[in-house]
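Trainee: let me see the structure of the following:
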Amino acid sequence: MGAAGAAEEVATGDHAPGGNGERPPAGGRAAGAALAAGEYILIVDDDEAVRHLLTAQLGYLGYRCDTASEGAAALTTLRQKPGAVVVLLDIVMPGLGGVELLAALGPLPVEPQVVMITGHGDRALLQQCLERGAYDFLNKPFELDQLATTVARAVERHRLLAELDRLRGSPAPPQPVPSPPPAPPTTEGDRAAMSRDQQGSLELQELIAYLDDLLEAGQGRDVCPNGLQVEGRRRVRRLVTGVSACRELFAAARERDADAVVVHHGIFWRGDPQVLTGVQYRRVAELIRGELSLLAYHLPLDRHPELGNNALACRRLGGEQLEPFGVFDGESWGFRARLPEPLAVGEMVARCERLFGQEPLVFAHGPQRITSFAVVSGAAERAFPQAIAAGIELFVTGEASEWVMNVARESATHFVAAGHYATERLGIQALSDHLAERFGLAVEFVDIPNPV
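Mentor: Have a look, this model is predicted:
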């Protein structure tokens, strides 16, 4: 059916089940209350029976609906009638199909939320749609409960994003709906490009499970939750990584159209207020606005023997024969190492400056040439007495407390504070490279330097 035929198949207002002409049950009325005046759900499917079924079921839930039988008619409806909150979009249709229509919609950060309708044979196309920004999907045949839940979540996401824009004082401008795009790719090069677009993505839960296992996130105690801290999109194709969670990093992730952010320092810490206000609220709002997931791995990314901050630092400083070091709550998260031959302490300090990218604070009170050292990144000066007791000649960490200078002098042990942030870049950078290679994801480390 063409655009003209589809335009005749519009079920709205008094003609839609659940509109003014048919009173829905109380539960349906409550569901439809999420739609403001002029808002509606657009159903796009070339199967007339599916359109009628979805219109009836959503009408029963109290939603206003319009329908279109193919992509060009849907674009016409969207262009002529603003207010679509959710688009239920069939993937495979004659003419302008779901994939092409999704591309034609362009970047619409607030509305409409697109939910793909798929049969069992459409998995590859479904993945492509999710990668291009579709919010969710529904499998045929439909279960009423699943339909109700998925649509309610899509409507709520639309409402939340619109409210966040309002609170930020920069409501998203209306987005014009462009004309239909050119015909689907037919050349070998075009098909190869489309195939590449489908590669390099995975389910969020798969990413979480992989990282939790790789980094042994459940092992030992920590001062923060490791793993998922804020949930966003269900599928991940592009990652931004960084040392410390902050609004600047989240904004950078949104600019890069990322699906998730992975950091060493997250936003939730033991002893913090249990409310979302002020700085914490604005950070979470930035994540929700971009539908970004936030994953954080604190001590697990310090103690990992291959990808961890401390093992990497030991090796890059020339250390060999690495052993776990720095015990807190029964767990070691640092490493000690031997040098293959005695090294002037000045050269070791110079290596630290080159590796960490800034001039360190040094209390050089140990021997002129050293053969052993330890690294415990971040704010781990409290491990310094353990290094002294173990006979380690030079101790590297991120920060120094007031008492450190006198203890270094009186124990004749070198102490190097190379920066909390600087000593904890290595692990997240290595993890970025690992994830890009392991899953083919687009991963970018965003450096937001901190002199501390």
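Trainee: got the contact list for Val327?
Mentor: Residues counted as contacts of Val327 (CB atoms under 8 Å, 6 or more residues apart in numbering) are Gln386. Any C-beta I mention is one placed from the backbone N, CA and C, and that applies to glycine too.
Trainee: tell me how far it lies from Ser377.
Mentor: 15 Å (CB to CB, to the nearest Å).
Trainee: go on, Val86?
Mentor: Taking CB to CB, one finds Val86 at 46 Å from Ser377.
Trainee: got any ranges where the stretch 1-150 of the chain has weak pLDDT?
Mentor: 1-34, 106-111, 120-126, 131 (pLDDT under 70).
Trainee: the helices in it, which residues?
Mentor: Using DSSP state H, counting those that start in this stretch, the helices of the stretch 1-150 of the chain run over residues 3-8, 26-32, 48-60, 71-80, 98-105, 123-131, 144-167.
Trainee: quick one: closest of those helices to Arg234.
Mentor: Arg234 lies closest to helix 123-131 among the helices of the stretch 1-150 of the chain, at 7.7 Å (CB to CB).
Trainee: please enumerate the helices of the stretch 301-450 of the chain.
Mentor: Under DSSP H, counting those that start in this stretch, the stretch 301-450 of the chain gives helices at 309-316, 345-356, 384-389, 404-411, 425-439.
Trainee: redo the ones you listed as TSV? Include distance to Arg254, mean pLDDT and mean neighbour count.
Mentor: Listed next are those as TSV, based on distance: least, CB to CB, whole Å; pLDDT from 0 to 100; neighbours: other CB atoms under 10 Å:
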stretch	distance to Arg254	mean pLDDT	mean neighbour count
helix 309-316	27	98	24
helix 345-356	29	97	17
helix 384-389	40	96	19
helix 404-411	40	97	15
helix 425-439	18	96	19
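Trainee: and of those helices, who's closest to Leu215?
Mentor: The nearest among the helices of the stretch 301-450 of the chain, by CB to CB, is helix 425-439 at 8.2 Å.
Trainee: quick one, the closest one and helix 309-316 angle?
Mentor: Counting by axes from the mean of the first three to the mean of the last three CA atoms, to 10 degrees, helix 425-439 lies at 100 degrees to helix 309-316.
Trainee: packing partners for helix 425-439?
Mentor: Applying 3 or more CB pairs under 8 Å, 6 or more residues apart in numbering; DSSP states H and E, we find helix 425-439 packed against helix 204-214, strand 238-244, strand 260-265, helix 299-303, helix 309-316, strand 442-445.
Trainee: please save the CA atoms from it in PDB.
Mentor: The C-alpha trace of helix 425-439 is given here as PDB (Å, rounded to 0.1, in the frame of the first residue of the first chain):
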ATOM      1  CA  ARG A 425      45.800   6.300  34.000                       C
ATOM      2  CA  LEU A 426      47.600   3.100  33.000                       C
ATOM      3  CA  GLY A 427      45.000   0.600  34.000                       C
ATOM      4  CA  ILE A 428      42.000   2.200  32.400                       C
ATOM      5  CA  GLN A 429      44.000   2.800  29.200                       C
ATOM      6  CA  ALA A 430      45.100  -0.800  29.100                       C
ATOM      7  CA  LEU A 431      41.500  -1.900  29.700                       C
ATOM      8  CA  SER A 432      40.400   0.300  26.800                       C
ATOM      9  CA  ASP A 433      42.800  -1.400  24.400                       C
ATOM     10  CA  HIS A 434      41.800  -4.800  25.700                       C
ATOM     11  CA  LEU A 435      38.000  -4.200  25.100                       C
ATOM     12  CA  ALA A 436      38.600  -2.700  21.700                       C
ATOM     13  CA  GLU A 437      40.600  -5.800  20.600                       C
ATOM     14  CA  ARG A 438      38.400  -8.400  22.400                       C
ATOM     15  CA  PHE A 439      35.000  -7.100  21.100                       C
END
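Trainee: hang on, Gln57 packs against Phe142?
Mentor: Yes - counting by CB atoms under 8 Å, Gln57 touches Phe142, with 7.2 Å between them.
Trainee: these two: who's more crowded?
Mentor: Gln57 (20 against 17; other CB atoms under 10 Å).
Trainee: picking up where we left off before, could you dump the helices and strands packed on helix 425-439 into JSON lines with distance to Glu402 added?
Mentor: Formatted as JSON lines, the helices and strands packed on helix 425-439 follow (distance: least, CB to CB, whole Å):
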{"stretch": "helix 204-214", "distance to Glu402": "37"}
{"stretch": "strand 238-244", "distance to Glu402": "24"}
{"stretch": "strand 260-265", "distance to Glu402": "24"}
{"stretch": "helix 299-303", "distance to Glu402": "24"}
{"stretch": "helix 309-316", "distance to Glu402": "24"}
{"stretch": "strand 442-445", "distance to Glu402": "33"}
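Trainee: and of these, who's closest to Ala422?
Mentor: Among the helices and strands packed on helix 425-439, the nearest to Ala422 by CB to CB is strand 238-244 (8.9 Å).
Trainee: the closest one: how far from the chain's middle?
Mentor: The chain centre lies 8 Å from the centre of strand 238-244; the measure is CA atoms, centre = their mean, to the nearest Å.
Trainee: now stretch 265-272, how far from the centre of its chain.
Mentor: For stretch 265-272, the distance to the chain centre is 18 Å (CA atoms, centre = their mean).
Trainee: hang on, I meant stretch 391-410
Mentor: 38 Å.
Trainee: looking at the helices of the stretch 301-450 of the chain, which is nearest to His365?
Mentor: Evaluated over the helices of the stretch 301-450 of the chain, closeness to His365 peaks at helix 404-411, with 4.5 Å, by CB to CB.
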